[in-house]
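> I would like the atomic coordinates for the input below:
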Amino acid sequence: MKKLLLATAATSLMAGTAFADGHAKEVKLGIILGFTGPIESLTPSMGDAAELAMKEVTDSGLLLDGAKVTPVRGDSTCVDAGAATAVAERQITGDGVKGIVGADCSGVTGAILSNVALANGVVMVSPSATSPALSTAEDNGLFFRTSPSDARQGVVMTEVLMEQDIKEVALTYTNNDYGKGLADSFQAAFEEAGGTVTINAAHEDGKADYSAEVGALAAAGGDRLVVAGYVDQGGSGIVRAALDSGAFDSFHFPDGMISAKLVENFGSEIDGSSGQHPSPSEELSQRFTDLVGGAFEATSPFTPESYDAAALILLAMQSAGSMEPGDYKDKVMDVANAPGEKIQAGELAKALQILKDGGDIDYVGATDVELIGPGEAAGNYRVVGFEGGAEVTAGRK
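Take a look at the predicted model:
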């Protein structure tokens, strides 16, 4: 009887070990982006890029001795904090994700961080949440981003406009954390450089008619209208109303407006306008484009940043030897920065092997990743112009 009990106990122990090992072979990562909402034209390639990094890691067979990475997609909507937090809660408590690529827009990202990620101790790496307020948000070392803060974008916008001898602008922004943070950052930088912001006015998304908003902007005047909005929402509505009324014929577009959809919407009507969005060097951009191989739009804003967000989580896991966020969160900064062997996009297997062997890496990735503080990305920008109904690269910052 005693032998039977021992045998039964041994069998149970082995089964428990096998069960644990079986679960350890799968790492689930959440991808929470606005697949519907005001940036829905940007997010498909962002999600695909994050999944490309996950597939690259799975195919290597090197993560945590052969773990498979499984993506779990969720819709942040970009603007509905309640919906976004519900998605995050479900992914963490139901699906068992061990990290989140996302969210995308700053407001929903902050909501997920404060209401869900902190309480559950889950790491988030956002490819596109740029509000300066996130720099000082309570995060217990759990929040990172691969795109720079809008405190930096405000300075870049100022440089671009000043180089074009644009000294007076009207400014409108989408009425949320992203829009307000960027508008304030830009106005401070522009005025410090000697420029004049004639009006700094919010607009609401989802309206059918923006003639009243454009009337106020036109009355204030300016050499160019800065539209800190969303291309799939009120930002495009503002531009259409401005063009139709003749109030403005040239614009400056921050990152939330830069998309193939912008040219599709307005074509040559916005020739002579300008803008910028976070983007790697031409060399890194070409490398990532080659890696993608036409599977999705590799140069779309925040797409390479999404690849890097997923890669950082997985490389930090490997460095810690654990998929648990509490174990690997302190390794994100380590794998992102020097010292160590530089790792570019497409070299995740190489990085995993170096970490497995006890070495150090300096992850360059698709966007020249450098984290300059807790969760802060240094960031580079692509300056864009619009000529002959097409978007063109006008420089880099």
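> for V101, helix, strand, or coil?
Judged by DSSP: H, G, I helix; E, B strand; the rest coil, the three-state class of V101 is strand.
> what bridges to it?
Using DSSP bridges, the bridge partners assigned to V101 are I31, V125.
> let's have the chain start at 22 instead
Okay, using 22 as the starting number, the last item reads as V122.
> count the neighbours of it for me.
By the measure other Cβ atoms under 10 Å, the count of residues near V122 is 35. In this view, the C-beta of every residue, glycine as well, is placed from N, C-alpha and C.
> can you pull the contacts of it?
50-54, 71, 146-148, 327, 330-331, 334 (Cβ atoms under 8 Å, 6 or more residues apart in numbering).
> change it to 6 Å
For V122, the contact set (Cβ atoms under 6 Å, 6 or more residues apart in numbering) comprises 52, 71, 146, 330-331.
> and the gap between it and G87?
Between V122 and G87 the computed distance is 22 Å (Cβ to Cβ, to the nearest Å).
> could you identify the most distant pair in the contacts of V122?
By the measure Cβ to Cβ, I52 and V146 form the most distant pair in the contacts of V122, at 10.8 Å.
> which stretches of this structure have low pLDDT?
The chain contains residues with pLDDT under 70 at 22-45.
> please repeat the previous calculation with a cut-off of 80.
Counting by pLDDT under 80, the chain has low-confidence residues at 22-45, 394-396.
> pop the domain breakdown of it in here.
46-170+303-398, 172-300+401-417 (automatic domain parsing).
> tell me the most buried of those?
Highest mean neighbour count among those (mean count of other Cβ atoms under 10 Å): domain 46-170+303-398, with a mean of 22.
> what distance separates that domain from the centre of its chain?
Here domain 46-170+303-398 is found 9 Å from its chain centre; the criterion is Cα atoms, centre = their mean, to the nearest Å.
> which other residues reach stretch 211-230?
Residues outside stretch 211-230 that contact it (Cβ under 6 Å, 6+ apart): 59, 179, 183, 188-189, 191-196, 204, 208, 234, 241-243, 254-255, 259.
> so which residues of the stretch 72-221 of the chain form strands?
Taking DSSP state E, counting those that start in this stretch as the criterion, the stretch 72-221 of the chain contains strands spanning 89-96, 121-123, 145-147, 164-166, 189-195, 217-224.
> which among those strands is found nearest to A319?
Across those, the minimum distance to A319, taken as Cβ to Cβ, is reached by strand 121-123, at 16.9 Å.
> and the strands in the stretch 222-371 of the chain?
245-249, 272-274, 295-299, 362-365.
> what's near enough to touch the residue lying closest to L163 once chain neighbours are set aside?
In this structure, L163 finds its nearest non-sequential neighbour in V144, 5.2 Å apart by Cβ to Cβ, 6 or more residues apart in numbering. The contact partners of V144, taken as Cβ under 6 Å, 6+ apart, are 120, 163, 346, 350.
> would CSV of those with distance to D378 be doable?
Shown next, in CSV, are the contacts of V144 (distance: Cβ to Cβ, whole Å):
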residue, distance to D378
G120, 23
L163, 28
P346, 24
K350, 22
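> which of the residues you listed fall in helices?
P346 (DSSP state H).
> all helices for the stretch 272-418 of the chain, in order.
Per DSSP state H, counting those that start in this stretch, the stretch 272-418 of the chain carries helices over the ranges 281-287, 303-313, 324-341, 346-349, 353-357, 369-377.
> turn those into a markdown table, columns for distance to M67.
What follows is those, written out as a markdown table (distance: least, Cβ to Cβ, whole Å):
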| stretch | distance to M67 |
| --- | --- |
| helix 281-287 | 14 |
| helix 303-313 | 12 |
| helix 324-341 | 4 |
| helix 346-349 | 22 |
| helix 353-357 | 19 |
| helix 369-377 | 18 |
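> of all those, which lies closest to V108?
Closest to V108 of the helices of the stretch 272-418 of the chain, according to Cβ to Cβ: helix 324-341, at 16.8 Å.
> and the angle for that closest one with helix 369-377?
Inter-element angle recorded for helix 324-341 and helix 369-377: 30 degrees (by axes from the mean of the first three to the mean of the last three Cα atoms, to 10 degrees).
> now helix 324-341 and strand 89-96, what's the angle there?
140 degrees.
> got the angle for helix 324-341 vs strand 295-299?
Using the same axes, to 10 degrees: helix 324-341 against strand 295-299 is 20 degrees.
> list the contacts of helix 324-341.
Residues outside helix 324-341 that contact it (Cβ under 6 Å, 6+ apart) are 66-67, 70-71, 73-75, 78, 84, 120, 122, 146, 148, 167-168, 301, 309, 344, 348-349, 352-353, 356-357, 369, 372-373, 376, 386-388, 390.
> can I get that helix in PDB? Just the C-alpha atoms.
Taking Å, rounded to 0.1, in the frame of the first residue of the first chain, the C-alpha atoms of helix 324-341 are listed here in PDB:
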ATOM      1  CA  THR A 324       5.400  50.200 -37.200                       C
ATOM      2  CA  PRO A 325       9.100  49.700 -36.600                       C
ATOM      3  CA  GLU A 326       8.600  50.900 -33.000                       C
ATOM      4  CA  SER A 327       6.100  48.100 -32.600                       C
ATOM      5  CA  TYR A 328       8.600  45.500 -33.700                       C
ATOM      6  CA  ASP A 329      11.100  47.000 -31.200                       C
ATOM      7  CA  ALA A 330       8.500  47.000 -28.400                       C
ATOM      8  CA  ALA A 331       7.900  43.300 -28.700                       C
ATOM      9  CA  ALA A 332      11.600  42.500 -29.100                       C
ATOM     10  CA  LEU A 333      12.500  44.400 -26.000                       C
ATOM     11  CA  ILE A 334      10.100  42.400 -23.800                       C
ATOM     12  CA  LEU A 335      11.300  39.100 -25.200                       C
ATOM     13  CA  LEU A 336      15.000  39.900 -24.900                       C
ATOM     14  CA  ALA A 337      14.500  41.100 -21.300                       C
ATOM     15  CA  MET A 338      12.800  37.800 -20.500                       C
ATOM     16  CA  GLN A 339      15.800  35.900 -21.900                       C
ATOM     17  CA  SER A 340      18.200  38.100 -20.000                       C
ATOM     18  CA  ALA A 341      16.300  37.400 -16.800                       C
END
